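Chemist: the sequence isn't on hand, but the structure is:
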Ligand SMILES: Cc1ncc(C[n+]2csc(CCOP(=O)(O)OP(=O)(O)O)c2C)c(N)n1
Ligand SMILES: [Mg+2]
């Protein structure tokens, strides 16, 4: 067993040469372009979902993750199909980055029979158990302890799988967070905890409601290696998540990664954004994950302005096709409404 430590391959603030960074991370130009494409795909999907919501076509509420695509794509790019994913209410990007079919996602948003959960779940409850995507959770922190159970199952079966659980900064203030970290640490379970710190719970700023930030200190207190990463730097996330997942896979126990990022939209559809200023949102948009990566790719001549336009148009087309698929799909039947709801 190697004793290699998890550490960033470069200082992302100093190294602006994207090709040099890609080289260190064993990523090709195509890999970089695919990461960019997936971030754009997520953004376009959510912009469309927002429009459909305004048209009254999406039922229930919705939690948009625009601004957080770097975390989703940096992570999705290192997960293997056999690894398990558990995530939370703001999970559209995580699913798309892990290869979900946007047609089935859009159908689920519109409550259609062809959706991932046959139209029963909506935006907040997408799952695809056959693809090891164990589902999002509307209960804040609800995925964290499930991950401990999944980690224990992996260990008992003796497979080389890993479970990744994604949750917010708000969830890291719950008791279950500590119980789960403690238990996974004493049992040395293959769990990777990814805390997406977007600076707010519903409206409470993280520093106002958390005794100690960054949260990595809490993981370290449980004997778990903890990392605090710039979540708007897709390559930095890719780098650390790759090492974190391999650490857990090689039976070295759980890892905790905190990715600092920011959401552009309100918490959910009823949020009037009264707890933060427009200036603050604009400041974060300027250092958003898509914009930043785009600048680096342009600077290194990996893509051109024309390529960017083409990718944006192509993704709009992909998402429009998903909407068409969802609109054409049949509604679920009332007579079997409880099917797939109870086990
Ligand atoms: C157990 C529980 N408590 C409260 C809520 C209401 N609630 C929904 S989302 C949310 C904030 C969660 O914040 P965070 O974990 O930072 O995730 P984010 O929404 O920022 O992605 C709250 C309090 C809930 N759904 N479940
Ligand atoms: Mg949050």
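Modeler: It's in. Keep in mind the model is a prediction, meaning the values are calculated, not measured. Ligands and ions are numbered 1, 2, ... in the order given.

Chemist: wouldn't residue 271 be in contact with residue 263 here?
Modeler: No: look at residue 271 against residue 263 with C-beta atoms under 8 Å: they stay out of range, at 9.9 Å. Quick note: C-beta positions are derived from backbone N, CA and C, even for glycine.

Chemist: between these two, who's got more neighbours?
Modeler: The neighbour comparison of residue 271 against residue 263 (other C-beta atoms under 10 Å) goes to residue 263, with 21 against 16.

Chemist: next, whatever residue of the stretch 101-250 of the chain ends up closest to ligand 2: phi, psi?
Modeler: Residue nearest to ligand 2 within the stretch 101-250 of the chain: residue 168 (3.5 Å; C-beta to the ion). Phi and psi for residue 168, reported as degrees, to the nearest 10, are phi -100, psi 180.

Chemist: in this structure, which spans are helices?
Modeler: Secondary structure of the chain (DSSP state H): helices at 18-24, 29-54, 69-76, 92-97, 102-109, 142-157, 175-186, 206-209, 216-221, 234-249, 278-286, 289-299, 305-328.

Chemist: can I get those in a markdown table including distance to residue 193 and mean pLDDT?
Modeler: Shown next, in a markdown table, are these (distance: least, C-beta to C-beta, whole Å; pLDDT from 0 to 100):
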| stretch | distance to residue 193 | mean pLDDT |
| --- | --- | --- |
| helix 18-24 | 25 | 94 |
| helix 29-54 | 22 | 98 |
| helix 69-76 | 12 | 98 |
| helix 92-97 | 14 | 98 |
| helix 102-109 | 25 | 98 |
| helix 142-157 | 7 | 98 |
| helix 175-186 | 7 | 98 |
| helix 206-209 | 16 | 95 |
| helix 216-221 | 7 | 96 |
| helix 234-249 | 9 | 97 |
| helix 278-286 | 24 | 96 |
| helix 289-299 | 21 | 97 |
| helix 305-328 | 30 | 98 |
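
Chemist: compare those helices and give me the one nearest residue 6.
Modeler: Evaluated over these, closeness to residue 6 peaks at helix 234-249, with 4.3 Å, by C-beta to C-beta.

Chemist: for ligand 1, what is the nearest residue in the stretch 51-200 of the chain?
Modeler: Residue of the stretch 51-200 of the chain nearest ligand 1, by C-beta to the nearest ligand atom: residue 168 (2.3 Å).

Chemist: residues contacting that residue?
Modeler: Residues near residue 168 by C-beta atoms under 8 Å, 6 or more residues apart in numbering: 88, 90, 140, 195, 196, 197, 198, 201.

Chemist: residues near the residue nearest to the fourth one when sequence neighbours are not counted, how many?
Modeler: Looking back up the chat, that one is residue 195. Of all residues not flanking residue 195 in the chain, residue 258 sits nearest, at 4.5 Å (C-beta to C-beta, 6 or more residues apart in numbering). Using other C-beta under 10 Å, residue 258 has 23 neighbouring residues.

Chemist: run a quick neighbour tally on residue 337.
Modeler: Using other C-beta under 10 Å, residue 337 has 12 other residues around it.

Chemist: give me the pLDDT for it.
Modeler: Note for residue 337: predicted pLDDT of 87.

Chemist: what does residue 342 give?
Modeler: Residue 342 is assigned 83 on the pLDDT scale.

Chemist: next one: it from residue 330, what distance?
Modeler: Distance, residue 342 to residue 330, using C-beta to C-beta, to the nearest Å: 22 Å.

Chemist: the helices of the chain into JSON lines, with extra columns for distance to ligand 1 and mean neighbour count?
Modeler: JSON lines is the format used below for the helices of the chain (distance: least, C-beta to the nearest ligand atom, whole Å; neighbours: other C-beta atoms under 10 Å):
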{"stretch": "helix 18-24", "distance to ligand 1": "28", "mean neighbour count": "17"}
{"stretch": "helix 29-54", "distance to ligand 1": "13", "mean neighbour count": "20"}
{"stretch": "helix 69-76", "distance to ligand 1": "11", "mean neighbour count": "30"}
{"stretch": "helix 92-97", "distance to ligand 1": "11", "mean neighbour count": "27"}
{"stretch": "helix 102-109", "distance to ligand 1": "18", "mean neighbour count": "24"}
{"stretch": "helix 142-157", "distance to ligand 1": "7", "mean neighbour count": "19"}
{"stretch": "helix 175-186", "distance to ligand 1": "9", "mean neighbour count": "18"}
{"stretch": "helix 206-209", "distance to ligand 1": "7", "mean neighbour count": "13"}
{"stretch": "helix 216-221", "distance to ligand 1": "14", "mean neighbour count": "18"}
{"stretch": "helix 234-249", "distance to ligand 1": "16", "mean neighbour count": "23"}
{"stretch": "helix 278-286", "distance to ligand 1": "14", "mean neighbour count": "12"}
{"stretch": "helix 289-299", "distance to ligand 1": "15", "mean neighbour count": "18"}
{"stretch": "helix 305-328", "distance to ligand 1": "22", "mean neighbour count": "15"}
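
Chemist: got JSON lines for those, with distance to ligand 2 too?
Modeler: Compiled in JSON lines, the helices of the chain are given as follows (distance: least, C-beta to the ion, whole Å):
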{"stretch": "helix 18-24", "distance to ligand 2": "28"}
{"stretch": "helix 29-54", "distance to ligand 2": "16"}
{"stretch": "helix 69-76", "distance to ligand 2": "12"}
{"stretch": "helix 92-97", "distance to ligand 2": "14"}
{"stretch": "helix 102-109", "distance to ligand 2": "22"}
{"stretch": "helix 142-157", "distance to ligand 2": "14"}
{"stretch": "helix 175-186", "distance to ligand 2": "13"}
{"stretch": "helix 206-209", "distance to ligand 2": "7"}
{"stretch": "helix 216-221", "distance to ligand 2": "16"}
{"stretch": "helix 234-249", "distance to ligand 2": "16"}
{"stretch": "helix 278-286", "distance to ligand 2": "13"}
{"stretch": "helix 289-299", "distance to ligand 2": "16"}
{"stretch": "helix 305-328", "distance to ligand 2": "25"}
